[in-house]
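*Asks:* sequence plus predicted model, see below.
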Amino acid sequence: MFMISGTVAAILCAAFEIFIYNKKRTVSYCIATVLKNVLVVNLFTALIFKVVLRYRHFIYTKDYNWTSGVKFFAVGLFVGFVFIGLTALLNTQLTIEKDEIKRKKGARFLQILSTILFFLGSMAYFGTKWGRDEFGKVTGDQFLINLTSPTEGTEASVYYNGFEGPVFYSLLLTTVFAIILFTCFKLVLEFRKKGKVTVLSDFFKRLICYCLALVFLCFGFSYSIKKFQLDMVFNAYVLKSDFIEENYSDPKTVDIKWPEKKRNLIHIYLESMENSFLSKDLGGFMDENLIPNLTELAKTGTVFSDTEQFFGGPLPGTGTQWSIASMVNQMTGLPMKAPGWRNSYGTDGKFLPGAYTIGELLEEQGYEQTCMIGANGKFGNLRYLFESHGNWTFFDYKYAKKHKLIPQDYKVWWGYEDDKLYEFAKDEITRLYNTGKPFNFTVENADTHRPDGYVSPGKEKPYQLPYANAIWNSDKDVTEFIKWIQNQPFYENTTIVLIGDHLSMDTAFFRDAKFTKDYHRSQFNCIINPAPSVGKPSADITTKREWANWDYFPTIIASIGGEIEGERLGIGTNLFSGKETIYEEFGVDYVDNELEKGSEFYNTTILGVDDLNDAASNGIKKKDKTKSKA
């Protein structure tokens, strides 16, 4: 809508310039004038809408009415006539003359190359700034893994925000840069006594542009390296560490004693749910508690806190702070590290082929297992993670369409909303229970995903900030779902695990809510109705703990009655046991630094290299792949 309004305004301005301001009316001149005005008017009008009028979008305009389109048209006319007026002013007081200097061979190539370099530098800077503003602290390993992962199923607003942010600003600057660079002119001032004096020749203008392109390129990429911590990528491929191998307990070989009567497991990943949404008196940052129902529910279960207060959570360790990484952590007891030389994530049947997960452990014990999400499972390769490890039924957006649970053209938020997710979950859990086997049901909600979350039509919106409303409604929805579980005949023999998958990436919310930089954020976590074998742990075991997502793997096994030899699976420690985690044993900074480095054991034994000889030629030596036992 906005681009159409802007284009109409630009064409009117171009007509004025062609038929009134300038006498040239050749076809090529008319076309060039129209294109110039369309580009300039739309770019600068969009800039005014974003920076001055504070419109969040100018491409994704479905939330705006026709009056906004009229406003864009009016501002576009203003921009167009200002541009024409400035051109006239420059042509009358500061003469722009054609420079007759002959350009050397290769000058056009340098111009094109400089424009490309300028655009790349602009994209690096604006892309990094946008990424930090949109997603918060993104680490090098996350950057690299997400860069090589499929994006199918991504919510549309993410793409719109990307185009309206870094792409738009980069195009705007590069357009101005290219106009200046490719136009052959010199600036001339005329004095009464001295006559005409060349202020800037075309040669020096081009030389300045070439230098500016290099400066932008170096600055942009330096900024990206610093803000995205891309030095971690360097560490992953150059520096080596044996830390994982030396502290790894192979779940395949560790002795686990299971109860005779197997407990059911319901594992709920709460998208972006963190303790900062609590009220300040509970350790949160909000004046009013946004998650009152989860607060009361947590008091009936076991919460592991990194502070001396009741509410706390895992520390944001290396390879933990995005959705699929969190699932890898809690299913394998390992961080999600940047891939090795030839190996990668996301190949069907080969997602972490050397890892032994909770899915395989419970498959051995005869469990029926389902993973359910409301998005496309190909996003981030999530489908491959589950289908590669255990007898999972993978219930995602495509599954729902295939089984005609939603119309073929249905698309809300990331696929289907949480309202439908919980209804489908009730039916699926009932089906699992009716098989007569113990079951493991994993689900992740999505209504609290950035940007702004999603609130179904008709639901209450008591807060000014959209994301606060999404959190408040999600709190109600998930606790109603859990109450349904608690009223089912299987509940007595069922453990419910709740955890925020990672810290929220909705940076706009934290900015608008005026979060302070020194506030310590942590993921919400709670285990409800654990096995009697773990008892009711004391405050010495549940508070002031230094732990990470990977510690939840053995902790979950213990919560359903598994007795683990050595209390460790992967590099995770059973928190119920009170035994020191690797963070508590070695120190948080030391462990994170070691996990940033490349691990031959991880690359060859866990992630898998197809050709070890080829890997050796890239600097990785063959090594005994025998797994250690706790």
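*Replies:* The structure has been received and is ready for your questions. Residues are numbered from 1 along each chain as shown.

*Asks:* residue 594: how many residues sit nearby?
*Replies:* Residues near residue 594, counting by other Cβ atoms under 10 Å, number 20. For glycine as for every other residue, the C-beta is placed from the backbone atoms N, C-alpha and C.

*Asks:* show me the contacts for it.
*Replies:* The neighbourhood of residue 594, defined by Cβ atoms under 8 Å, 6 or more residues apart in numbering, consists of 241, 243, 244.

*Asks:* number of nearby residues for the closest residue to residue 502 other than its chain neighbours?
*Replies:* Closest residue to residue 502 apart from its sequence neighbours, by Cβ to Cβ, 6 or more residues apart in numbering: residue 321 at 4.5 Å. Counted by other Cβ under 10 Å, the residues lying close to residue 321 total 25.

*Asks:* one more: the one 10 residues further on?
*Replies:* Residue 331 sits with 28 neighbouring residues when counted by other Cβ under 10 Å.

*Asks:* how far away is it from residue 469?
*Replies:* 32 Å (Cβ to Cβ, to the nearest Å).

*Asks:* please apply the same query to residue 506.
*Replies:* According to Cβ to Cβ, residue 506 stands 12 Å off from residue 469.

*Asks:* of the two, which one has the most company?
*Replies:* residue 506 (24 against 20).

*Asks:* didn't the more buried one look like it was pressed against residue 466?
*Replies:* No. Counting by Cβ atoms under 8 Å, residue 466 is not a contact partner of residue 506; they are 9.4 Å apart.

*Asks:* residues shared between the contacts of the two?
*Replies:* Listed as contacting both residue 506 and residue 466 by Cβ under 8 Å, 6+ apart are 452, 453.

*Asks:* surely residue 359 and residue 389 touch.
*Replies:* Yes. Shown here, residue 359 and residue 389 form a contact pair, counting by Cβ under 8 Å, at 4.4 Å.

*Asks:* common neighbours of the two, please.
*Replies:* Common contact partners of residue 359 and residue 389 (Cβ under 8 Å, 6+ apart): residue 331.

*Asks:* in the stretch 201-350 of the chain, which ranges drop under the pLDDT threshold?
*Replies:* Scanning the stretch 201-350 of the chain for pLDDT under 70 picks out 228-237, 338-349.

*Asks:* let me see the ranges of the helices in it.
*Replies:* 202-227, 231-238, 243-246, 292-298, 323-332 (DSSP state H, counting those that start in this stretch).

*Asks:* just the ones you listed: most buried one?
*Replies:* When the helices of the stretch 201-350 of the chain are scored by mean count of other Cβ atoms under 10 Å, the highest mean neighbour count falls to helix 323-332 (a mean of 26).

*Asks:* how about whatever helix or strand comes next after that helix as CSV, C-alpha atoms only?
*Replies:* Note on helix 323-332: by DSSP states H and E, the next helix or strand toward the C-terminus is helix 358-364. Taking C-alpha atoms only, helix 358-364 is exported to CSV below (Å, rounded to 0.1, in the frame of the first residue of the first chain):
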residue,chain,number,x,y,z
ILE,A,358,16.5,-39.1,26.0
GLY,A,359,14.4,-40.3,23.0
GLU,A,360,16.6,-43.4,22.6
LEU,A,361,16.8,-44.1,26.3
LEU,A,362,13.0,-44.1,26.6
GLU,A,363,12.5,-46.0,23.4
GLU,A,364,14.6,-48.8,25.0
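
*Asks:* in helix 358-364, which residues are buried?
*Replies:* Of the residues in helix 358-364, 358, 359, 360, 361, 362, 363 count as buried by neighbour count, 16 or more other Cβ atoms under 10 Å.

*Asks:* can you say which two of these are spatially most distant?
*Replies:* Across the buried residues of helix 358-364, no pair lies farther apart than 358 and 363, at 9.4 Å, counting by Cβ to Cβ.

*Asks:* which residues do those two both contact?
*Replies:* With Cβ under 8 Å, 6+ apart, residue 358 and residue 363 have common neighbours residue 390.

*Asks:* which SS state does residue 455 fall under?
*Replies:* coil (DSSP: H, G, I helix; E, B strand; the rest coil).

*Asks:* what about it, distance to residue 580?
*Replies:* 43 Å.

*Asks:* so which of these two has more stuff around it?
*Replies:* Set residue 455 next to residue 580 and count neighbours by other Cβ under 10 Å: residue 455 wins out with 20 against 14.

*Asks:* contacting residues for that one?
*Replies:* Here residue 455 is in contact with 447, 461, 466, 469, 470, 473 (Cβ under 8 Å, 6+ apart).

*Asks:* mind doing that once more with 7 Å?
*Replies:* 461, 469, 470, 473 (Cβ atoms under 7 Å, 6 or more residues apart in numbering).

*Asks:* filter the residues you listed down to the ones in helices?
*Replies:* Judged by DSSP state H, the subset of the contacts of residue 455 located in helices is 469, 470, 473.

*Asks:* isn't the second one up against residue 449?
*Replies:* No. The pair residue 470 and residue 449 does not pass the contact test of Cβ atoms under 7 Å, sitting 8.5 Å apart.

*Asks:* and the pLDDT at residue 21?
*Replies:* Note for residue 21: predicted pLDDT of 57.

*Asks:* next one: the one 5 residues further on
*Replies:* In the prediction, the pLDDT value recorded for residue 26 is 81.

*Asks:* just the CA atoms of stretch 410-425, as PDB, please.
*Replies:* The C-alpha atoms that make up stretch 410-425 are tabulated as PDB, following Å, rounded to 0.1, in the frame of the first residue of the first chain:
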ATOM      1  CA  TYR A 410      -4.500 -22.100   7.200                       C
ATOM      2  CA  LYS A 411      -1.600 -20.000   8.500                       C
ATOM      3  CA  VAL A 412      -1.600 -18.200  11.800                       C
ATOM      4  CA  TRP A 413       1.600 -16.900  13.400                       C
ATOM      5  CA  TRP A 414       4.300 -19.600  12.900                       C
ATOM      6  CA  GLY A 415       1.700 -22.100  11.600                       C
ATOM      7  CA  TYR A 416      -1.100 -22.700  14.000                       C
ATOM      8  CA  GLU A 417      -1.600 -20.800  17.300                       C
ATOM      9  CA  ASP A 418      -1.300 -22.200  20.900                       C
ATOM     10  CA  ASP A 419      -5.000 -22.400  21.300                       C
ATOM     11  CA  LYS A 420      -5.100 -25.200  18.700                       C
ATOM     12  CA  LEU A 421      -1.700 -26.600  20.000                       C
ATOM     13  CA  TYR A 422      -3.200 -27.400  23.400                       C
ATOM     14  CA  GLU A 423      -6.300 -28.900  22.000                       C
ATOM     15  CA  PHE A 424      -4.300 -31.100  19.700                       C
ATOM     16  CA  ALA A 425      -2.000 -31.900  22.700                       C
END
